[in-house]
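Enquirer: Predicted model and sequence follow; I will ask about them next.
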Amino acid sequence: MMSNSERSTEEKDRKVPPALLIAEEVPPVGMAGRYDEESQTWSNRNCDTAAQKKHNEQM
Amino acid sequence: MPTPGLLIVTRRDAQEVDGVIDSVRKVGVRVIRWNLCRFPGMESASYAVAPSPCLSILRDVTPSAGWIHSFGMFSVSGSLEALAREVALSECQAFTYGVLATLPCTWLNDINAIARASNKLVQLHLARTLCLPVAPTIVTSEWKAVDRFRQLHGACVVKAISQSYWEYGSHKLKAYTGSLARFEEGLPRALKYGPIIVQKEVNKSAELRVTVVGGRCFTIAFDRSRCPEAEIDVRQLDYERYKYLFTATQEWPAVERDSVRFVRELRLAYAALDWVVDHAGNAWFLECNPLGSFKWYELCGASGITGAIAEALLGLIDRES
């Protein structure tokens, strides 16, 4: 995944609205055991963190 | 007496809805869950106009109350591309809006209230009207205006206007709040394709998430002063790693009062508001999300949000029966 600071000049010159200019790809499923607020899911459903366990227990 | 019914509009993977469903089912309410992410490809729906608006997925349930929890994306967002996708999404959105705007049930948050409240210009205007503290802000597609603004106010941040999360095929994109200086190179050209929010940067010592349900507030403070990754948008944090920095707080009664006032003005019963606290201890309003998620904050100590939503929904059902 490329951060904004790593983007090439060519990429910055693309025809994109400002919202897309400041947007970044979020990690695909399986890359990290993170809770994703927007999609309200854990990015890795197989990861067995304490927080995920608690989350699932409370469901 | 007919069994009371509740319609919940959400997405399939929104697990936080399940706790609310369990709570209302325990008291005999029939719940219909409409996962819009499965419409229309995996689950179809029909809408009959006469004699009164009726939706096929409701089958024999007549919901007296409804909860629009999340819109997610329609199934066509992943199965189509380009013009076909845009047209299909537009049709699906129009269908869903029409259904939700006309079904004869009482909503926790009405679709029109959500649409209005989701607009950041409306939020900024209302915050000003209610005398909430808002950092100097400009929304513009003009680079000269951006340049003048930063000369006047110093360090600024940029934010998207419409939303901050997009899905397109396998792409998932988030527009994080970032320093204007980081985007100076590409921004003048990008402004030809749309406007953006530019706001004077607040040097944050803490961030507050106030979840309002009815008149109740559930507030979580994020202690930014103890976070080594001080510059980034809170949504970029490794939540697990920094969970200890999120704590429930009751130390911001004025912020909570303002949050409730703001939510009521928008004719909402539920919303999640974001505030930041500067190093002098002043709280600044950032934004309001009428569809904000709540489970993470419950896990961090703001216990009772699930129960409060269930109570609010049951209150709507009782009112209508």
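Expert: Ah, there it is.

Enquirer: which stretches of chain A aren't confidently modelled?
Expert: Residue ranges of chain A with pLDDT under 70: A:1-13, A:27-59.

Enquirer: now do 90
Expert: Along chain A, segments meeting pLDDT under 90 span A:1-14, A:25-59.

Enquirer: Over to the stretch 201-321 of chain B?
Expert: Applying pLDDT under 90 to the stretch 201-321 of chain B flags residues B:225, B:227-241, B:318-321.

Enquirer: quick one, helices of it?
Expert: Listed in chain order, the helices of the stretch 201-321 of chain B (DSSP state H, counting those that start in this stretch) span B:253-265, B:295-299, B:305-320.

Enquirer: Now do the same for residue B:90: its pLDDT.
Expert: As predicted, residue B:90 sits at a pLDDT of 96.

Enquirer: Other residues contacting the helix or strand harbouring it?
Expert: Element membership for residue B:90 (DSSP states H and E) is helix B:82-102. Helix B:82-102 is contacted from outside by B:9, B:36, B:39-40, B:45, B:47, B:53, B:55, B:66, B:68, B:71, B:74, B:76-77, B:80, B:107, B:111-112, using CB atoms under 8 Å, 6 or more residues apart in numbering or on different chains. Every C-beta, even on glycine, is put in place using the N, C-alpha and C of the backbone.

Enquirer: How many residues are close by residue B:185?
Expert: 14 (other CB atoms under 10 Å in any protein chain shown).

Enquirer: Would you tell me what helix or strand it is located in?
Expert: In this assignment (DSSP H and E), residue B:185 forms part of neither any helix nor any strand.

Enquirer: For residue B:51, see how far away it is.
Expert: 60 Å (CB to CB, to the nearest Å).

Enquirer: I'd guessed residue B:198 sits against residue B:158; true?
Expert: Yes - in this structure residue B:198 lies within contact range of residue B:158 using CB atoms under 8 Å: 5.6 Å.

Enquirer: Overlap of the contact sets of the two?
Expert: In contact with both residue B:198 and residue B:158: residue B:180, using CB under 8 Å, 6+ apart.

Enquirer: Mean neighbour count and distance to chain A for the helices of the stretch 201-321 of chain B - can I get that in TSV?
Expert: Formatted as TSV, the helices of the stretch 201-321 of chain B follow (neighbours: other CB atoms under 10 Å in any protein chain shown; distance: least, CB to the nearest CB, whole Å):
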stretch	mean neighbour count	distance to chain A
helix B:253-265	18	18
helix B:295-299	22	6
helix B:305-320	18	8
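
Enquirer: Adding distance to residue B:277, write the ones you listed out as TSV.
Expert: Listed next are the helices of the stretch 201-321 of chain B as TSV, based on distance: least, CB to CB, whole Å:
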stretch	distance to residue B:277
helix B:253-265	9
helix B:295-299	17
helix B:305-320	22
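
Enquirer: And these: which comes nearest residue B:234?
Expert: Nearest to residue B:234, of all these, is helix B:295-299, at 10.9 Å by CB to CB.

Enquirer: Show me what the closest one is packed up against.
Expert: helix A:50-58, strand B:216-223, helix B:305-320 (3 or more CB pairs under 8 Å, 6 or more residues apart in numbering or on different chains; DSSP states H and E).

Enquirer: Pull out the CA atoms of the longest one and give them to me as CSV.
Expert: So that's helix B:305-320. Only the C-alpha atoms of helix B:305-320 are listed here, as CSV (Å, rounded to 0.1, in the frame of the first residue of the first chain):
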residue,chain,number,x,y,z
ILE,B,305,-25.2,2.2,23.9
THR,B,306,-26.6,-1.1,22.5
GLY,B,307,-29.2,-1.1,25.3
ALA,B,308,-30.0,2.6,24.8
ILE,B,309,-30.7,2.1,21.1
ALA,B,310,-32.9,-1.0,21.9
GLU,B,311,-34.8,1.1,24.4
ALA,B,312,-35.3,3.9,22.0
LEU,B,313,-36.6,1.5,19.3
LEU,B,314,-38.9,-0.2,21.8
GLY,B,315,-40.2,3.3,22.8
LEU,B,316,-41.0,4.0,19.1
ILE,B,317,-42.9,0.7,18.8
ASP,B,318,-44.9,1.4,22.1
ARG,B,319,-45.8,4.9,20.8
GLU,B,320,-47.2,3.5,17.6
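
Enquirer: which residues touch residue B:236?
Expert: B:176, B:229.

Enquirer: 7 Å instead, please
Expert: residue B:176 (CB atoms under 7 Å, 6 or more residues apart in numbering or on different chains).

Enquirer: So for stretch B:57-73, first residue to last residue, what's the gap.
Expert: 18 Å (CA to CA, to the nearest Å).

Enquirer: Now it: buried residues?
Expert: Across stretch B:57-73, burial judged by 16 or more other CB atoms under 10 Å in any protein chain shown covers B:57-58, B:61-73.

Enquirer: Return the subset of the residues you listed lying in strands.
Expert: B:63, B:64, B:65, B:66, B:67, B:68 (DSSP state E).

Enquirer: Can you check the pLDDT for the third one?
Expert: Reading off the per-residue confidence, residue B:65 sits at a pLDDT of 97.

Enquirer: Leaving out sequence neighbours, find the closest residue to it.
Expert: Nearest residue to residue B:65 in three dimensions, chain neighbours excluded: residue B:316, at 3.8 Å (CB to CB, 6 or more residues apart in numbering or on different chains).

Enquirer: Would you agree the one you found is in contact with residue B:66?
Expert: No - Residue B:316 lies out of contact with residue B:66 (CB atoms under 7 Å); the separation is 8.2 Å.

Enquirer: ok, now which ones touch residue B:66?
Expert: The contact partners of residue B:66, by CB under 7 Å, 6+ apart, come to B:6, B:7, B:103, B:105, B:107.
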